[in-house]
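Visitor: attaching a predicted model along with its sequence, questions to come.
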Amino acid sequence: MISSVTPEMTLPPELESDWTALRSRWQAGPLSEWLHVLPEQFSIGLSETRYGDLPRWRQALASLPAITVDDVRLDAGRVGFSGTVPADTKAALQAALMGLHPWRKGPFDLCGVHIDTEWRSDWKWDRLADAIAPLAGRRVLDVGCGNGYHCWRMLGADAAEVIGIDPTPLFVLQFKALQHYLQQPGIHVLPMTLEAMPDHLPVFDTVFSMGVLYHRRDPMEHLVGLKHKLMPGGQLVLETLVVEGDDDALLEPNGRYARMGNVWKLPSPGLAARWLKQAGFQEIRIIDVGATSLEEQRRTAWMTFHSLEEFLDPNDLSLTIEGFPAPRRAILTAHRP
């Protein structure tokens, strides 16, 4: 029996359409197990008692103007849509979207409103897109997806279904702002962590975990959790902070790195590959390693807080402000046997 929504478990209005769509698609298949707990997870994930800024973000979402969407773009660097709108409508659109500041992942372009996000997430996509198994027809999970930028790119690569999860309510509402106009079926960003999902749910053809591993005290637990979401033969795409060195090199910054909190372990690419093998993955490949540049992560009008430049030693950009090696990231792929 599929969980019903009780008065004590009122769904957040932003997620009512997600619940309807997911219940319709999943109730007769292996994902029905997740449906039992989704209403409660939705209510917790977008609870105004837990997140005091939610009313302000909801007001921004409600103020999005009506626009006729002409051309949807999911397979371009700037995800978004085109259309002809009066200047006052364009100004209202920009003001509503700015009410969801800060925008970290992107970029997006909505009727000429260019959301110049902190991260050039399109560059990361370009580095991995040709090195992973084709996403066409696949069911995909994106863990720690932020506002869903890469989820849109996955859908643009013809994935059959894309589920993004992220515990940050602002990012969920940023995704909803895009979906308000794009109206694409088969894509959802849900307010939760990997740990909130059922432990064993091996139903996804591809699982992405990008920018999450170093936030876990126990990286092996995270990797095993990812494996348990993959079908046999499914592919993991893992992106994480790394350090230079041999296969035993490991930096443990004790919780703080480049002014980021909750950062625990930065392996060398070789050690990350070894962790994947220990977690039970096969066909492990390191497909990209590189330093994060000041052009890829920076402060913009759409993210006005400190960014990478302030996180580095002003006298030596090869070091973080704490004296650790500056950020480098690796992308690895692996398969569940």
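Guide: Perfect, I can see it now.
Visitor: what residues are up against residue 106?
Guide: By C-beta atoms under 8 Å, 6 or more residues apart in numbering, the contact set of residue 106 is 78, 79, 115, 116, 117, 119, 121, 122, 147, 149, 302. (C-beta placed from N, C-alpha, C; glycine too.)
Visitor: now with 10 Å, please.
Guide: 77-80, 114-122, 146-147, 149, 152, 174, 178, 300, 302-303 (C-beta atoms under 10 Å, 6 or more residues apart in numbering).
Visitor: and residue 257, by the same measure?
Guide: Counted by C-beta under 10 Å, 6+ apart, residue 257 has contacts 214, 241, 251, 263-264, 266, 311, 320-322, 324-325, 327.
Visitor: where do the strands sit along the stretch 51-200 of the chain?
Guide: With DSSP state E, counting those that start in this stretch as the criterion, the stretch 51-200 of the chain has strands at 71-73, 79-82, 108-110, 113-115, 139-143, 161-165, 187-190.
Visitor: do you know the pLDDT at residue 56?
Guide: Looking at residue 56, its pLDDT stands at 97.
Visitor: grab the nearest non-local neighbour of it.
Guide: Leaving aside its chain neighbours, residue 56 sits nearest to residue 99 (7.2 Å; criterion: C-beta to C-beta, 6 or more residues apart in numbering).
Visitor: close enough to count as contact, the one you found and residue 55?
Guide: No - shown here, residue 99 and residue 55 do not form a contact pair, counting by C-beta atoms under 10 Å, at 11.5 Å.
Visitor: of these two, who's got more company?
Guide: residue 99 (18 against 10; other C-beta atoms under 10 Å).
Visitor: what pLDDT is listed against the more buried one?
Guide: For residue 99, pLDDT reads 98.
Visitor: got a list of what it touches?
Guide: Residue 99 neighbours (C-beta under 10 Å, 6+ apart): 56, 57, 58, 59, 60, 61, 62, 63, 64, 173, 177.
Visitor: the fifth one: neighbour count?
Guide: Taking other C-beta under 10 Å as the neighbour definition, residue 60 ends up with a count of 20.
Visitor: and what of the second one?
Guide: Residue 57 has 22 neighbours, counted by other C-beta under 10 Å.
Visitor: for residue 259, see how far away it is.
Guide: As judged by C-beta to C-beta, to the nearest Å, residue 57 and residue 259 stand 24 Å apart.
Visitor: residues contacting the residue nearest to residue 82 when sequence neighbours are not counted?
Guide: With sequence-adjacent residues excluded and distances taken as C-beta to C-beta, 6+ apart, residue 82 is closest to residue 71, at 4.5 Å. Residues in contact with residue 71 (C-beta under 10 Å, 6+ apart) are 80, 81, 82, 83.
Visitor: so how far is residue 83 from residue 71?
Guide: 8 Å.
Visitor: so what's the residue count around residue 139?
Guide: 19.
Visitor: that one bridge partners, please.
Guide: Under the criterion DSSP bridges, residue 139 forms beta bridges with residue 161.
Visitor: and what of the one 4 residues further on?
Guide: Following DSSP bridges, residue 143 is listed with bridge partners residue 165, residue 209.
Visitor: please renumber the chain so that the first residue is 21 from this point on.
Guide: Yep, numbering from 21; the last one is residue 163 now.
Visitor: what is the neighbour count of it?
Guide: 24.
Visitor: residue 326 now?
Guide: Residue 326: 10 neighbours (other C-beta under 10 Å).
Visitor: pLDDT score for it?
Guide: 97.
Visitor: cool, and residue 36?
Guide: 97.
Visitor: now do the one 4 residues further on
Guide: You'll see residue 40 listed with a pLDDT of 97.
Visitor: and the gap between it and residue 307?
Guide: Residue 40 is 38 Å from residue 307, by C-beta to C-beta.
Visitor: returning to what we had before: among the contacts of residue 277, which ones are buried?
Guide: The neighbour-count test (16 or more other C-beta atoms under 10 Å) marks 234, 261, 271, 283, 284, 286, 331, 340, 344, 345, 347 as buried among those.
Visitor: which residues does the second one form a beta bridge with?
Guide: Right, the one you point to is residue 261. residue 349.
Visitor: paired strands for the lowest-mean-pLDDT helix or strand in the chain, with orientation please.
Guide: Ranked by mean pLDDT, DSSP states H and E, the weakest helix or strand in the chain is strand 275-277, scoring a mean of 92. Sheet pairing for strand 275-277, assigned by DSSP bridges, gives strand 280-283 (antiparallel).
Visitor: now the element after the strand it pairs with, going C-ward?
Guide: Per DSSP states H and E, the first helix or strand lying C-terminal to strand 280-283 is strand 286-287.
Visitor: would you report the backbone torsion angles of the nearest residue to residue 192 once chain neighbours are set aside?
Guide: Spatial nearest neighbour of residue 192, chain neighbours left out: residue 211 (4.9 Å); criterion: C-beta to C-beta, 6+ apart. Main-chain torsions, residue 211, degrees, to the nearest 10: phi -90, psi 80.
Visitor: could I get the contacting residues of residue 211?
Guide: 32, 34-35, 61-67, 71, 185-189, 191-193.
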